[in-house]
Each structure stands twice: as C-alpha cells, then as structure tokens.
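1. Task: produce atomic coordinates for the following.
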Amino acid sequence: MNVVTYCMNVHPGESLDAVRKALADVTIPLQLALGPESSHAVGLRLGAQAAEDLRIPEHLERFASYLRRERLTVLGINGFPYGDFHAGRVKEDAYLPDWGDARRMGYTRDLFYALSKLPLTDLGEGHAPGVTTVPLAYDRGQNIEDYFEAICAIGLFLRKLEGFTGIHMQLALEPEPDCLLESVRTTVDFFERLWTCPHWNPLCRDHIALCFDTCHFAVSYEDPLTALKTLVGSRIPIARVQISAALEVTSEAKPEDLRPFLDPTYMHQTRLRNPDGTLQCHPDLTETVLPELIGRGGRVHYHVPLSWDGTAALRSTRDTLTPAFWRYLRAGGWPLEIETYAHFVMPEAIRTHTLSEMLLRDIRWTLSNLRTA
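-> Got it, this is the predicted structure:
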C-alpha cells in the first residue's frame, strides 16, 4: 500500500521552531484523527533557515529525537522553496536560487545530510526517501545544458553519501509550467541528454528522479495517467507523486467568479486550449487575462482542495485522477503526498474549513480513491 501524507509547505514559518510548532499543532493531531489509517509519515518542508539550523549536530539530534518520541517518520523533504514561502510576494522568486546558483547546491546538500540522520519512513522495496527541488529554473528560454554539471554533481554527492550512511536517497526534480522542465516532452528530453552528457556517471542513475505533481501536468492538459506512464516507460525514476488539483474554469465563469483568485503571493500560470489542441499560455492569472477565459474556460495553477466539489462556474482537475490512475499508483507503490499550499490565500468560498479539517478531508479522499479504484 502506498504511504500517504501531506506536504508541510502549507505551514508558514521558516525556523526549526516553526516546523516543530506545525508538527505539534497540526501534524500530530491529524495522525491521531486518522487512527489506523495514519502512516505516521511526514512530508517535511525545511527552508534555508531551518536547514542551516540543522547543520549544528546538537540541533539535528534533538529534532530527530523529537520525531522518534512522537512516532513520526520522514517520507522526504520539500526542498523547492528556499526562502520564505509565505512572504507577502513570492511569485517567480519561488524558483530562486535555481540550479545555476551555488546556493541551491549547498542548501540541497544540507537537506540530504539532515535527512540521512532523521527517522525514515519505510517506503517499501524500490522506493527511497528524497528531496524535491525546482525544475532546474524558471523561464523556458534558458539553455538546459547549463544545468547538467550541477545535477551530475549532486548525483555524485548522493552516491558518496550512500557509501557513508548506507541510505539510498533521491533528488526529485518537480516539473512545473513555464519552467525548463514543464511537460513530459521537456522532461524526457532532459533526462535523455543528461544521461549522455560528459559529466554523467551511470552509477548515479537512480539518484536523480522526479516528483510528479498531478496539478502541474493537468494545467497543461496532460492526462496524469498517460504522462506518468510515459515517464516510467522512459525509465525515469519516480521518487514521489504529489496528489493535487488545479483550478478548472468552465465556460460558465464570469469575471466576478475569478477575481477572488487574483492572488498577489504565488504564481498562477494559466492555460487555455485552442480548438486545434494548441495552448494559449499566460505566466500568471491577472485582471488582463480574465477576459480570455470568459466563455472559453481554462486551467490555472492554483492548488485547490481535493475534497472541494466545485461549482457550475469553477471546478478542479481532480476528475483527471481516474480509477485507472489510482490503480496505476497502487501498482507502482510510490509514496503519495497531498499538496495544497495555497490554503491561506484561497477565497473564503473555498476555504470553508480549517487547515486541519481540510488536510483530514483531503487525506481521506485520497485514501478512499486509492482503496476503491
């Protein structure tokens, strides 16, 4: 059975104390509420401030002891947002520093070292804990080959770290709209070229993997099941599957339905599908984009609760998660992580439950689909 948890990037706070508070206030009570269904697995999110704190051996041991005492294990770490992910304005800064910046390498190494010292979730044979990260860089116009050397270097680091610790871990690149890795095509192309570049060591093959986020692929109208099967068929390791849903705008939507989603904090890449199947792409959901959606519909990179049923004007892409998709997940055994980080900026019409209630409903929705498909 797949391990199911939620991603802690929904919690504000950058310090290690803030992480402990989120665990005590939300995660642990949530595990108790789930009862026998709880995996006791944690999808940690550690920003640069917390990662730096864990460089101090005493702090790392104290944090590991706290997790053990609370019977919590770590599925992996979200190492995507480096800085304050709930600051007043995040937008494109969420992708900084990218893999062309030495700070990204240092931060990621710190996360892997910390992960190797924490109590780890048993993910089953063929699956490994890992750190998710940015899809190389924001802006598709950059040269993808400029990032090969850094990714090869982190692969070698993980190979050496496994030699010292005996723990196999994976870097999980997370494709996202408008980034260098954003689709099945760009992702497969990257891995095929990475595996043949001069810096690549074949022994690192299973250390560089993917975090497959269902929202991100759905935004670009890629069927999640077909996309995941294609990536697996291309022999790209899948470290983690994030179960999430994008906002789906129907042709019934009016500007007043969409204005509450004009969020100044996060990027909300928007896609419209033309009659010929091509996509009309906008980097963010803005007032000037609204007229394009009216009468046509579209999809927006806006993580909405999985348990939200939607309205006549607005729905979610959760319906793309078909019974066949859940059966494929079950067969693959990948760890599953629910990601709905936009909770605190959601319109009140959607944010009808507390964070804890939303997470509980979404986890139960996921477990139900996984069992009954």
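2. isn't there a helix covering Leu247?
-> No - Leu247: not assigned to a helix; according to DSSP: H, G, I helix; E, B strand; the rest coil it is strand.
3. ok, it - how many residues close by?
-> The burial count assigned to Leu247 is 27, neighbours taken as other CB atoms under 10 Å. No exception for glycine: its C-beta is placed from N, CA and C like everyone else's.
4. beta partners for it?
-> Beta-bridge partners for Leu247, by DSSP bridges, are Val300, Ser316.
5. residues touching it, list them.
-> Contact analysis of Leu247 by CB atoms under 8 Å, 6 or more residues apart in numbering lists 261, 268, 299-300, 302, 304, 314, 316-317.
6. go on, Leu180?
-> With CB under 8 Å, 6+ apart, Leu180 has these contacts: 135-140, 142, 144, 147, 186, 190.
7. What are the boundaries of the helices in this protein?
-> Secondary structure of the chain (DSSP state H): helices at 16-22, 28-34, 48-53, 57-69, 102-117, 148-165, 184-194, 214-219, 224-233, 255-258, 290-293, 323-332, 355-372.
8. out of the ones you listed, nearest to Asn201?
-> The closest of the helices of the chain to Asn201 is helix 148-165. By CB to CB, the value is 6.1 Å.
9. Tell me the buried residues in the closest one?
-> By neighbour count on 16 or more other CB atoms under 10 Å, the buried set for helix 148-165 is 148, 150-152, 154-155, 157-159, 161.
10. would JSON lines of these with pLDDT be doable?
-> Conversion of the buried residues of helix 148-165 to JSON lines gives the following (pLDDT from 0 to 100):
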{"residue": "Phe148", "pLDDT": "98"}
{"residue": "Ala150", "pLDDT": "98"}
{"residue": "Ile151", "pLDDT": "98"}
{"residue": "Cys152", "pLDDT": "98"}
{"residue": "Ile154", "pLDDT": "98"}
{"residue": "Gly155", "pLDDT": "98"}
{"residue": "Phe157", "pLDDT": "98"}
{"residue": "Leu158", "pLDDT": "98"}
{"residue": "Arg159", "pLDDT": "98"}
{"residue": "Leu161", "pLDDT": "98"}
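11. for those, which one is nearest Pro335?
-> Nearest member of the buried residues of helix 148-165 to Pro335, counting by CB to CB, is Leu158, at 17.7 Å.
12. So which of the helices of the chain is the most surrounded?
-> Among the helices of the chain, helix 214-219 has the highest mean neighbour count (mean count of other CB atoms under 10 Å), at a mean of 27.
13. distance between that helix and the chain's centre?
-> 11 Å (CA atoms, centre = their mean, to the nearest Å).
14. How about stretch 307-323?
-> Distance of stretch 307-323 from the chain centroid (CA atoms, centre = their mean) equals 19 Å.
15. What is the burial count for His268?
-> So His268, with other CB under 10 Å, has 24 neighbours.
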